[in-house]
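Colleague: This is a predicted model, with the sequence first.
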Amino acid sequence: MSPKNVFIKTYGCQMNVYDTQRMLKSLSSHYQMTEDIEAADVVLFNTCSVREKAEHKIMSALGELKPLKKKKPYLVVGVGGCVATQNADKLLKKVPHLDLVFGVDQIEDLPQLIHNAKNGQRKSETSFKQEYSFYAVNSLVENVPKLVSSFVSVIQGCEKPCTFCIVPTTRGFEKSRSHQEVIQEARSLVGAGSCEIVLLGQNVNAYRTKEATFEELVASLDFVPRLRYITSHPNDVSDEMIRIHRDQKNLCEHIHMPIQAGSNRTLKRMVRLYSREEYMDKIKKIREEVSTIAITTDIIVGFPGETDQDFEETLSAIEEAQFDHVFAFKYSPRPGTPSKEKFSDDVPENLKNERLQRVFDVSEKMHLAQNQSYVGKKVEVLVEGPSKNNPKKLTGRTRNNKIVNFIGKNLPDGFKIKNNAKSFVNVVIHDVTPHSLNGCY
Ligand code: 5AD
Ligand code: SF4
């Protein structure tokens, strides 16, 4: 029997990108991936509900699917990921042409769930399982392109009390993956040509099993050419982790450590568990040990009760910290989160927009000045492939996660980006933008 086609649309964070690979693996004995939605027998939306905007996108994508379902009644339509967990039965009621709703812990059960859906069972299944249910994903998935840089999920869920965040509801309590399994997956990925492994977790530094702490896990991955991890709650970045950053050569000089806000009043209401001063002390310590490290962050503007003064403190924190990249978001009240229950969403939309723009302006100016210091310098780039905006150029990243677009003038004949030995090149930077470096190899 020829394999059927599955189309998966991924929204949201790296964790969702990884979960899509889990879905493909889970379905690989009966389905192959298609990029043509019209040719699909199964359409899955892997969703994100961190902000309301992401949720709206999914509802409209589901709406657009209605004519296809009408044309192909046997088509199975499923929604997985955070929106699924958050809305479960409500979604089935709201969207009549939806067949299946599944949570993050049901990915391995997908073949059965799809089979049931085909037999007319419209169902939502989103409960959390006790155990970490993943298994080696990437390297075993035939129909997923082998990547130069691969994600390896090490911990699911989060138990931090951040009042704005839906993740503890949608991804549940913290479950760390066995040390052996992580090592095995990393080994097979490196064996298959990956030059970079990115360890994933909503709060990755909280990883802990009977066999290893996060620090020990990182230390045991010294065979990976380039090692990264994302995301870090500042309180869980230990002194030992900072020392490992200094001493372990394959660990890249980058840490994504969301500050969220610069005013202590807001940080308290967010229950981020640190003050602005403690955050600044932490990055000072990190930079003292690893001077070249890039520190990136997330910011929320317009959190309930945020005054002009609070917001000015966020701007001043961005400048004080000299972040290498700032991801900024407008506060969006999420169902069931403490901040939605306790506070009113009282910063008007136009003020949120204005504040967001000011964060972008301050950050861009800062990033441009930082990037200008690279002009004339040579940087080591891991080549990821052709540049998105200009296929004549190649793109890749430096160890400290700067995007580099470059012309491969001197690339050897037969240069293959997947070839381990040739995936690292030294690029001379000749000009920069706030978000990338341009150069020549
Ligand atoms: N509103 C706006 N931004 C949010 N984030 C998480 N929850 C919300 C919310 N309710 C942002 C945080 C987090 C990033 C992944 O998304 O900055 O670090
Ligand atoms: Fe959400 Fe991150 Fe806070 Fe966890 S640490 S609750 S994932 S914002």
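Modeller: Arrived safely. Ligands and ions are numbered 1, 2, ... in the order given.
Colleague: any idea how far the lengthiest helix in the chain is from the chain center?
Modeller: If you go by DSSP state H, the chain has its longest helix at helix 349-372. Distance, stretch centre to chain centre, for helix 349-372: 22 Å (Cα atoms, centre = their mean, to the nearest Å).
Colleague: does ligand 1 sit close to that helix?
Modeller: No: Helix 349-372 is not in contact with ligand 1 by Cβ under 6 Å from any ligand atom; minimum separation 9.8 Å. C-beta here means a position set from N, CA and C on the backbone, and glycine is covered the same way.
Colleague: Need the CA coordinates for that helix. PDB is fine.
Modeller: Provided in PDB are the C-alpha atoms of helix 349-372 (Å, rounded to 0.1, in the frame of the first residue of the first chain):
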ATOM      1  CA  GLU A 349      -4.000  48.900  22.800                       C
ATOM      2  CA  ASN A 350      -2.600  52.100  21.300                       C
ATOM      3  CA  LEU A 351      -0.300  52.600  24.200                       C
ATOM      4  CA  LYS A 352       0.900  48.900  24.000                       C
ATOM      5  CA  ASN A 353       1.600  49.500  20.300                       C
ATOM      6  CA  GLU A 354       3.500  52.700  21.100                       C
ATOM      7  CA  ARG A 355       5.600  51.000  23.800                       C
ATOM      8  CA  LEU A 356       6.300  48.000  21.500                       C
ATOM      9  CA  GLN A 357       7.600  50.400  18.800                       C
ATOM     10  CA  ARG A 358       9.800  52.200  21.300                       C
ATOM     11  CA  VAL A 359      11.300  48.900  22.400                       C
ATOM     12  CA  PHE A 360      12.000  48.100  18.800                       C
ATOM     13  CA  ASP A 361      13.500  51.500  18.100                       C
ATOM     14  CA  VAL A 362      15.800  51.400  21.100                       C
ATOM     15  CA  SER A 363      16.800  47.800  20.400                       C
ATOM     16  CA  GLU A 364      17.500  48.300  16.700                       C
ATOM     17  CA  LYS A 365      19.800  51.300  17.400                       C
ATOM     18  CA  MET A 366      21.700  49.300  20.000                       C
ATOM     19  CA  HIS A 367      22.000  46.200  17.800                       C
ATOM     20  CA  LEU A 368      23.300  48.200  14.900                       C
ATOM     21  CA  ALA A 369      26.000  49.800  17.000                       C
ATOM     22  CA  GLN A 370      26.900  46.400  18.400                       C
ATOM     23  CA  ASN A 371      27.000  44.800  15.000                       C
ATOM     24  CA  GLN A 372      29.200  47.600  13.600                       C
END
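Colleague: secondary structure element for residue 316?
Modeller: helix 308-321 (DSSP states H and E).
Colleague: Now that helix: buried residues?
Modeller: For helix 308-321, a neighbour-count test (16 or more other Cβ atoms under 10 Å) marks 310-311, 313-315, 317-318, 321 as buried.
Colleague: partners of the following helix or strand past it in the sheet?
Modeller: Remark: after helix 308-321, the chain's next helix or strand is strand 325-330, criterion DSSP H and E. Its sheet considered, strand 325-330 pairs with strand 294-301 (parallel) by DSSP bridges.
Colleague: Next, the angle from the strand it pairs with to helix 308-321.
Modeller: In terms of direction (axes from the mean of the first three to the mean of the last three Cα atoms, to 10 degrees), strand 294-301 departs from helix 308-321 by 170 degrees.
Colleague: which one is residue 327 nearest to, not counting chain neighbours?
Modeller: residue 298 (4.9 Å; Cβ to Cβ, 6 or more residues apart in numbering).
Colleague: So that neighbour is in contact with residue 261, correct?
Modeller: No: Residue 298 is beyond contact range of residue 261, at 10.1 Å (criterion: Cβ atoms under 8 Å).
Colleague: Look at these two and report which has more neighbours.
Modeller: residue 261 (26 against 16; other Cβ atoms under 10 Å).
Colleague: Residues contacting the longest helix of the chain, please?
Modeller: Residues outside helix 349-372 that contact it (Cβ atoms under 8 Å, 6 or more residues apart in numbering) are 299, 301-302, 306, 311, 314-315, 318-319, 322-326, 328-331, 347, 402, 432-437.
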